[in-house]
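[1] Prediction below, plus the sequence it came from.
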Amino acid sequence: MPPLVAGFFLDSGLTLSLVCAVIGLGFAFYLIKSILACSAGNDRMKEIAAAIEQGAKAYLNRQVRSISMIAVVLVVLLAIFKDLPTAVGFLLGAVCSLAAGFIGMRIAVMANVRTAQGATESRKKALQAAFNGGAVTGLLVVGLALLSVGIFWLVMKQINPEKALSSLVGVALGASLISVFARLGGGIYTKAADVGADLVGKVESNLDEDDPRNPATIADNVGDNVGDCAGMAADVFETYAVSLIGAVLVGALTVGPGAPVVYPFILGGLAIIASIIGIIYVNMTNAKPAAALMRGVLLSAFVSAVAFWPATQSLFAEGIKVKDVMSGVEATYSANGIYFAAVVGLLMTGAAVLITNYYTSTDYKPVRKIAEASVTGHATNIIAGLAVGQFATALPVLCIAASIWLSYHAAGLYGIAVAVMAMLAMAGIIISLDAFGPITDNAGGIAVMSGLPKEVRAITDELDAVGNTMKAVTKGYAIASAGLAAIVLFGSYFVDLKHHLIKVRHIAESDIQTMLDFSLKDPKVIIGLFIGGLLPYLFSAFSMNAVGRAAGAVVTEVRRQLALHPGILKGTDTPDYGTCVDIVTQAALKEMIVPALLPVLVVVAVAAIPALGKVVLGGVLVGSIVTGLFMGISMTSSGGAWDNAKKYIEEGHYGGKGSEAHKASITGDTVGDPYKDTSGPAINPMIKVVNIVAILIIPILF
């Protein structure tokens, strides 16, 4: 590679990535303009869409107020016990994560009614409206994450170079902690409303999905936006930002400044352009919805792989020398090895998408087996769904293990960090798929409640089934990337702790190797593994209980309204939608606090153990990664499969709607709701909160 080109990427690579982020944001605003130019349908459709939007905005405004009070306290504590740059970083990460969630919700409520209206014209127009709404969220999330981290890094290098690297951990913590709140609060809201609406509306009163006679139907549709749109946007913003920061930390601490620090930013910038190309393809193709979306992802991955090559070769023309964080042995890695690690990340993205699609799509055996099991009753449906989720862990975990092995041998711990960043760089197009799901779900609800023809609902149902699979696919992607990212963060914890003990505590490096051996022969490590392994179970238990309690309150309210006003089911009385909305809003805001703070409190408590904390805490980090990864994949896969098994039966299989098999599938779906949309996906940011807090408290407690 000519020196001039190499110098350009080294000197201007970060600026180039920020320009790509701005291009991504510009394209997102172009898509917003094109969405708004589409018809929003008739007055009844606009009225329903406005009610959904009003409920979502009311919840998010109250959530922001609740979270802000906690965030202010944490900012003050960080400023006192750590330093001001870290506190500022925390504030930036928190604000951007909240903004990503709010933007995701706002775009979804603009696109849902236009998707319903598009379905009155053609399937392609409905697909375009829903996908473009999702694409706006995807591009805004990655653009905002890349810009916020990049600008903060540039500014801190100018203001306080010594604190620039450590203060990035504050950004990561702010993004992660807010993401946990957003995921939990939104997940509790959406699934409490969904479960309550299904149990009384479908099972007891034999009402269809989104029937306007169901008092919980507006709350259910609001939940799709605050959980699957706002929650997922905050989640992926956090995952992207943390992966980028983790790669920068590992590059700076194990290799040194310069190309290893610039390279992760360049990967993110180039992938945004590749995502735009994939989005354009989906808009132009006439393929069926599922095929169009999958091909868009594959095209983006291919373009990214091509674009990564010249950047890698120019930045690392002479390779890198890395000192292994565990053994201390130095190794040299070539540009080809680093590029191979990036390709491993792209391949891991494809593997996560394809594997999760297999276990959650109506086109394949796992979902159809759950549908078949529904014929013999509710219990057999549940058993089959649990089995599918457990089977669904095998291939993703084996792929993650292979990715770790291959990328580590290609470029050490930095290679794993590069693989993670390459995987998350695809988030622009991947999140387009995720937000597509709740938009099509809302579109179907609007079609039913506004009395549109059955042909319209058939189109929205088809898109909704694809959307359910896409939501499961992207959750699988997010959890798989979290597993890889957590390995990088554990490496960062070890490197940062070692650096602190040498530079601040003045302990000899030979003594540190023994002190931080993290051997399984050491009981302290085993204790840490047990505590870390316990965390995802406790976390999930809190969130599942929260959904159950809130759903019970919704069930009671819906039953009360139907008993008190029999005219509701006859269509002569109008349900009180607002009460159900208020019930789930209050429940979500109340119930999200304890589980969200649980990982922070456990890490601080373990770290505070005199003489044992640092070693036990290392075990806690690994234990939470291992059990969290399995639980997250299993729960999201089971939930997605249960949901689509219900839809498969509703298409006319095994007796269709109203049959005993259908009733059993509804039970499975209600169990799967908190699995796939509350507990399962919230484990992803929880794992990273554990690791980031551990890194953050090193100079405070060790």
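    Thanks, I have it. Numbering: from 1, shown residues only.
[2] my read: residue 473 touches residue 350, true?
    No. Residue 473 lies out of contact with residue 350 (C-beta atoms under 8 Å); the separation is 11.0 Å. C-beta here means a position set from N, CA and C on the backbone, and glycine is covered the same way.
[3] Compare the two and say which one has the larger neighbour count.
    For the pair residue 473 and residue 350, the greater number of neighbours falls to residue 473 (30 against 18), based on other C-beta atoms under 10 Å.
[4] Need the nearest residue in space to that one, chain neighbours excluded.
    Distances taken as C-beta to C-beta, 6 or more residues apart in numbering put residue 356 closest to residue 473, at 4.5 Å, once the chain neighbours are dropped.
[5] Kindly tell me how buried the one you found is, as a neighbour count.
    Residue 356 has 29 neighbouring residues, counting by other C-beta under 10 Å.
[6] correct me, but it touches residue 478?
    No. At 10.4 Å, residue 356 does not count as touching residue 478 under the criterion of C-beta under 8 Å.
[7] Compute the first-to-last residue distance for stretch 33-41.
    Terminal residues of stretch 33-41 lie 17 Å apart, using C-alpha to C-alpha, to the nearest Å.
[8] typo on my end, stretch 73-88
    For stretch 73-88, the first-to-last residue distance is 13 Å (C-alpha to C-alpha).
[9] tell me what whichever strand or helix holds residue 441 is packed against?
    Here residue 441 sits within helix 427-449, counting by DSSP states H and E. Under the contact definition 3 or more C-beta pairs under 8 Å, 6 or more residues apart in numbering; DSSP states H and E, helix 427-449 sits against helix 43-81, helix 84-119, helix 123-159, helix 217-223, helix 232-250, helix 259-284, helix 289-315, helix 454-503.
[10] Can you name every helix or strand that the third one contacts?
    Applying 3+ C-beta pairs under 8 Å, 6+ apart, one finds that helix 123-159 makes contact with helix 3-36, helix 84-119, helix 161-197, helix 232-250, helix 259-284, helix 289-315, helix 427-449, helix 454-503.
[11] Name the residues of the third one that are buried.
    Along helix 161-197, the positions that meet the burial threshold by neighbour count (16 or more other C-beta atoms under 10 Å) are 163-197.
[12] how far away is the nearest residue to residue 520 once chain neighbours are set aside from residue 533?
    The shortest distance from residue 520 to any residue other than its chain neighbours is 6.8 Å, reached at residue 526 (C-beta to C-beta, 6+ apart). In this view, residue 526 and residue 533 are 10 Å apart by C-beta to C-beta, to the nearest Å.
[13] Pull the contacting residues for the nearest residue to residue 673 once chain neighbours are set aside.
    For residue 673, ignoring the flanking residues on the chain, the nearest one in space by C-beta to C-beta, 6+ apart is residue 191 at 4.3 Å. Taking C-beta atoms under 8 Å, 6 or more residues apart in numbering as the criterion, residue 191 is in contact with 223, 227, 547, 551, 673-674, 677-678.
[14] And for residue 407?
    Residue 407 touches 340-341, 344-345, 415-416, 418-419, counting by C-beta under 8 Å, 6+ apart.
[15] Which one (most neighbours) among those residues?
    residue 419 (35 neighbours).
[16] wouldn't that residue be in contact with residue 347 here?
    No. In terms of C-beta under 8 Å, residue 419 does not count as a neighbour of residue 347; the distance is 9.1 Å.
[17] shared neighbours, those two?
    With C-beta under 8 Å, 6+ apart applied, the overlap between the contact sets of residue 419 and residue 347 consists of residue 403.
[18] could you point out where the stretch 251-400 of the chain is predicted with low confidence?
    When the per-residue scores of the stretch 251-400 of the chain are filtered using pLDDT under 70, the ranges that remain are 323-328.
[19] Swap in 50 and give it another go.
    Along the stretch 251-400 of the chain, segments meeting pLDDT under 50 are nowhere present.
[20] Touching, the residue nearest to residue 520 and residue 518? I think so.
    No. Proximity of residue 526 to residue 518 does not meet the contact threshold set by C-beta under 8 Å, at 10.8 Å.
[21] Settle it for me: which of those two has more neighbours?
    Remark: of residue 526 and residue 518, residue 518 carries more neighbours, 18 against 15, as counted by other C-beta under 10 Å.
[22] Could you report the pLDDT at the more buried one?
    Looking at residue 518, its pLDDT reads 73.
[23] which residues does it contact?
    In this structure, residue 518 makes contact with 494, 525, 615, 618-619, judged by C-beta under 8 Å, 6+ apart.
[24] In PyMOL, select just the buried ones from these.
    To isolate the buried subset of the contacts of residue 518 in PyMOL, counting by 16+ other C-beta under 10 Å, use the following:
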select buried, resi 494+525+615+618+619
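[25] okay if I get the contacts of residue 518 as a markdown table plus distance to residue 691, secondary structure and pLDDT?
    As requested, the contacts of residue 518 are arranged in a markdown table below (distance: C-beta to C-beta, whole Å; DSSP: H, G, I helix; E, B strand; the rest coil; pLDDT from 0 to 100):
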| residue | distance to residue 691 | secondary structure | pLDDT |
| --- | --- | --- | --- |
| 494 | 11 | helix | 77 |
| 525 | 16 | helix | 87 |
| 615 | 16 | helix | 84 |
| 618 | 11 | helix | 86 |
| 619 | 13 | helix | 88 |
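[26] from the contacts of residue 518, which is closest to residue 697?
    Taking C-beta to C-beta as the measure, residue 618 is the one of the contacts of residue 518 closest to residue 697, at 13.1 Å.
[27] ok, the closest one - contacts?
    For residue 618, counting by C-beta under 8 Å, 6+ apart, the contacting residues are 490, 493-494, 516, 518, 525, 528.
[28] Let's have those residues in TSV, adding distance to residue 594.
    Below are the contacts of residue 618 laid out as TSV (distance: C-beta to C-beta, whole Å):
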residue	distance to residue 594
490	26
493	25
494	30
516	32
518	30
525	28
528	23
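[29] Turn the helices and strands packed on helix 427-449 into CSV, including distance to residue 424.
    What follows is the helices and strands packed on helix 427-449, written out as CSV (distance: least, C-beta to C-beta, whole Å):
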stretch, distance to residue 424
helix 43-81, 24
helix 84-119, 14
helix 123-159, 8
helix 217-223, 27
helix 232-250, 4
helix 259-284, 8
helix 289-315, 12
helix 454-503, 6
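[30] quick check, residue 322 in a strand?
    Yes. Assigned with DSSP: H, G, I helix; E, B strand; the rest coil, residue 322 falls within a strand.
[31] so which of the helices and strands packed on helix 123-159 comes closest to residue 367?
    Taking C-beta to C-beta, helix 454-503 is the member of those nearest to residue 367, at 8.9 Å.
[32] what's the angle from the closest one to helix 84-119?
    Calculated by axes from the mean of the first three to the mean of the last three C-alpha atoms, to 10 degrees, helix 454-503 forms an angle of 170 degrees with helix 84-119.
[33] Run the chain-centre distance for helix 454-503.
    A distance of 5 Å separates the C-alpha centroid of helix 454-503 from that of its chain, computed with C-alpha atoms, centre = their mean, to the nearest Å.
[34] start at 18 instead
    From this message on, residue numbering opens at 18, which makes the last subject helix 471-520.
[35] Next, the angle helix 178-214 makes with it.
    Using the same axes, to 10 degrees: helix 471-520 against helix 178-214 is 150 degrees.
[36] Helix 471-520 vs helix 140-176, what angle?
    Orientation note: helix 471-520 sits at an angle of 20 degrees relative to helix 140-176 (the same axes, to 10 degrees).
[37] Nothing else from me, thank you.
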